[in-house]
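In: Pasting the sequence and the predicted model now:
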Amino acid sequence: MSTANFTVADHLLWRLKQLGLDKVFQVPGDYVQEFMTALDNFPGIDAVGDVTELGAGYAADGYARYRGIGAVSVQYGVGTFSVLNAIAGAYVERNPVVVISASPSAENRVDIEETGVLFHHSTGDYSADKKVFENVTVASEILSDPASAPDIIDNALRLAMSEKRPIYLEAWQNVWGAACDKPDGHLVIPRPASNPTMMANLLDKVINRLKEAEKPLVLLGIEITRLGIQREVENLLCNLNIPYTTTTLAKSVLSEAQGLGKELFVGTYAGEASWPETFDFVSKRDCILALGAIFTDDYLTMLKTQDNELIRVNMGEARIGNCEHFGGIDLAQFIDDLTVYIEHYPMQHHALCSLPENPYLKSPVRDCDTISYENFFCTYQKQLAQCQKVRDFNLILGESSSLYMAARLTGIEESRFISDAAWGSLGHETGCSLGTALADNRRSVVVAGDGGFMMMCQTLSTISHNKLNTAVFVMSNQVYAIEQSFVDICAFTPAGAFAPFDDLHHWDYKSLASAYFVEYLHVDTVADLNGVFAALHENPCKPYLIKVNIDKKDLAPAIQDLAEAITGNKVDDCPCGNSTAQGNNNA
């Protein structure tokens, strides 16, 4: 690219390309047209237009999970506020996404000052967008001067990459197209600042805890993936020679299908939604070393009952129990230092301990059985065990009953399980799949609840337009089942009634698939589901919408376990209350 017409927008794109990005998701707007024009002309980065700002944000988030950074360009005000939910999720789950916008120009601002005119899409406070995004980013900047813009952009990108969190860059309309110098060299991302005294103190205490423990466990979190230190963690586990689990958000941080990750894995820990064997195993550990884990209220039981046994080491901080806190912690460096110590002073008294075969594999499932949550995931588990193609799918889950059922799967290859299990935004999974499909060449397979899918079904249009091979399963029970289970679990008994606000509209999914130009399949039985897997193998390039007809009263076992633990209400205590979680297996 010639430096004669190099602009502020080009500077940002140049830096993004250096960081490995080759797609920017966008919904157009007049304020941001200078950036969009530069994007259209910039070699090596493609614009991917989506039909909703929130969908574009979810896509950028999904893309960043595989490429390490994502970007979304939206209109000022109406676009930025629409994308806010996706960016909040990226902030919580430590996923660097760059939000790119533009606001009234320098000339516009003269008119505003002189006449008091309210420019379109603004609230009247022309720093409102910046203020809002300050809550969910590590840098929220307004670029008003072309001379200072490159340095502001570079500093914000450094923060995004070092903190693994989003940034917001809003330029005055005239600034994105303004000339600036082409940057020299690559952007240097500094290592996180650490406190040597705190690091040494933490290491010493953790070593002593591990030495004293008879039943230690490592719990891996999503920050391991964000930092890209899976091999370092494997090395640590190899030297410790103790079992490990993961949070739901971090499921598949290591391969569950092969190597050390398979040998030491005791199942994903999702609180009471875990397999009972995994939950019992974890609850009996006398030392739990949690590395990079984000603890939501799904893990409240552990935090309340095993706090004294829990060591939490995260990016920037650590805590042992509820009393000892450490600042200035470099998670990657801590793992390296602990590994070096164990290599020199092995802790050989810890024996390997693995759980029995996944119960899904032992569950009797017949082709004629009506589909249910349980036999859907039993069938998926058997496909995982039998077929490398299925293990290579990128499996994407959102806030739904299926998320907790899928957390019980085992045998998933490294980084093939994607969810927003910490933020938990309905609809994320379908929007996210657009980004994962464009960032990684493996097929993205979505399992969505119908409530979540209805919020983001338009993504199918963009998937089809870009000729992607994403397959979207919609678990169609016409109800917000996960919501209902926490409102009143007795609704799932034969005599129970669902709350009116949890009922959903009936959709014609076959016509919807036709409208979006994707293939349509439906599932009523286990045989139908196996037929869908066969179709996916036979047609590796086609996108699919697959309706899975789930009985409204079918309560997913993982959700039943979690809801009963949290609410204290049990299905068996309901009037005429027999558990329906297994009721459809042999229908």
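Out: Alright, I've got the coordinates.

In: can you map out the strands along the stretch 401-550 of the chain?
Out: Here the stretch 401-550 of the chain has its strands, by DSSP state E, counting those that start in this stretch, at 417-419, 444-449, 471-476, 519-523, 544-549.

In: now do the stretch 151-300 of the chain
Out: 167-172, 216-220, 244-246, 287-291.

In: and those strands as JSON lines, adding distance to Leu187, mean pLDDT and mean neighbour count?
Out: Every residue, glycine included, has its C-beta placed from N, CA and C. Output for the strands of the stretch 151-300 of the chain, formatted as JSON lines (distance: least, Cβ to Cβ, whole Å; pLDDT from 0 to 100; neighbours: other Cβ atoms under 10 Å):
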{"stretch": "strand 167-172", "distance to Leu187": "13", "mean pLDDT": "97", "mean neighbour count": "27"}
{"stretch": "strand 216-220", "distance to Leu187": "29", "mean pLDDT": "97", "mean neighbour count": "24"}
{"stretch": "strand 244-246", "distance to Leu187": "31", "mean pLDDT": "96", "mean neighbour count": "26"}
{"stretch": "strand 287-291", "distance to Leu187": "27", "mean pLDDT": "97", "mean neighbour count": "24"}
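
In: Now distance to Val136 too, for those, in JSON lines please.
Out: Shown next, in JSON lines, are the strands of the stretch 151-300 of the chain (distance: least, Cβ to Cβ, whole Å):
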{"stretch": "strand 167-172", "distance to Val136": "8"}
{"stretch": "strand 216-220", "distance to Val136": "25"}
{"stretch": "strand 244-246", "distance to Val136": "25"}
{"stretch": "strand 287-291", "distance to Val136": "24"}
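
In: Which of those strands sits closest to Ser461?
Out: strand 167-172 (26.9 Å; Cβ to Cβ).

In: Restricting to C-alpha, output that closest one in CSV.
Out: The C-alpha coordinates for strand 167-172 follow below in CSV (Å, rounded to 0.1, in the frame of the first residue of the first chain):
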residue,chain,number,x,y,z
ILE,A,167,-11.5,-2.0,23.3
TYR,A,168,-13.7,0.7,21.8
LEU,A,169,-12.3,3.1,19.2
GLU,A,170,-14.6,5.9,18.0
ALA,A,171,-13.2,8.5,15.6
TRP,A,172,-14.8,11.8,14.6
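
In: so of the strands of the stretch 401-550 of the chain, which one's packed in deepest?
Out: Across these, the average number of neighbours (mean count of other Cβ atoms under 10 Å) peaks for strand 444-449, which reaches a mean of 28.

In: name the helices or strands packed onto that one?
Out: strand 394-397, helix 401-406, helix 428-439, strand 471-476 (3 or more Cβ pairs under 8 Å, 6 or more residues apart in numbering; DSSP states H and E).

In: which ones are touching Ala527?
Out: Asp367, Cys368 (Cβ atoms under 8 Å, 6 or more residues apart in numbering).

In: Please apply the same query to Glu134.
Out: Ser140, Tyr168.

In: Could you do Glu223 as well?
Out: Per Cβ under 8 Å, 6+ apart, neighbours of Glu223: Arg94, Lys164, Leu291, Gly292, Ala293, Ile294, Asn314, Met315, Leu331.

In: Rebuild those as JSON lines, extending it with distance to Gln18.
Out: Output for the contacts of Glu223, formatted as JSON lines (distance: Cβ to Cβ, whole Å):
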{"residue": "Arg94", "distance to Gln18": "21"}
{"residue": "Lys164", "distance to Gln18": "17"}
{"residue": "Leu291", "distance to Gln18": "29"}
{"residue": "Gly292", "distance to Gln18": "26"}
{"residue": "Ala293", "distance to Gln18": "31"}
{"residue": "Ile294", "distance to Gln18": "29"}
{"residue": "Asn314", "distance to Gln18": "28"}
{"residue": "Met315", "distance to Gln18": "23"}
{"residue": "Leu331", "distance to Gln18": "25"}
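
In: Selecting buried members of those residues in ChimeraX, what would you type?
Out: Here is the ChimeraX command that selects only those of the contacts of Glu223 that count as buried (16 or more other Cβ atoms under 10 Å):
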select :94,164,291,292,293,294,314,315,331
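
In: for the contacts of Glu223, which one is nearest Ile69?
Out: Lys164 (9.4 Å).

In: Might one say that Leu39 is in contact with Trp14?
Out: No. Leu39 lies out of contact with Trp14 (Cβ atoms under 8 Å); the separation is 11.8 Å.

In: Return the set of buried residues in the strand or helix carrying Thr80.
Out: Counting by DSSP states H and E, the element that carries Thr80 is helix 78-92. Of the residues in helix 78-92, 79-92 count as buried by neighbour count, 16+ other Cβ under 10 Å.

In: and the direction of that helix versus that of helix 428-439, what angle?
Out: 90 degrees (axes from the mean of the first three to the mean of the last three Cα atoms, to 10 degrees).

In: who touches the closest residue to Leu39 other than its chain neighbours in this structure?
Out: Among residues not flanking Leu39 along the chain, Ala47 sits closest, at 5.0 Å (Cβ to Cβ, 6 or more residues apart in numbering). With contact set as Cβ under 8 Å, 6+ apart, Ala47 has these partners: Lys23, Val24, Gln26, Met36, Leu39, Asp40, Ser73.
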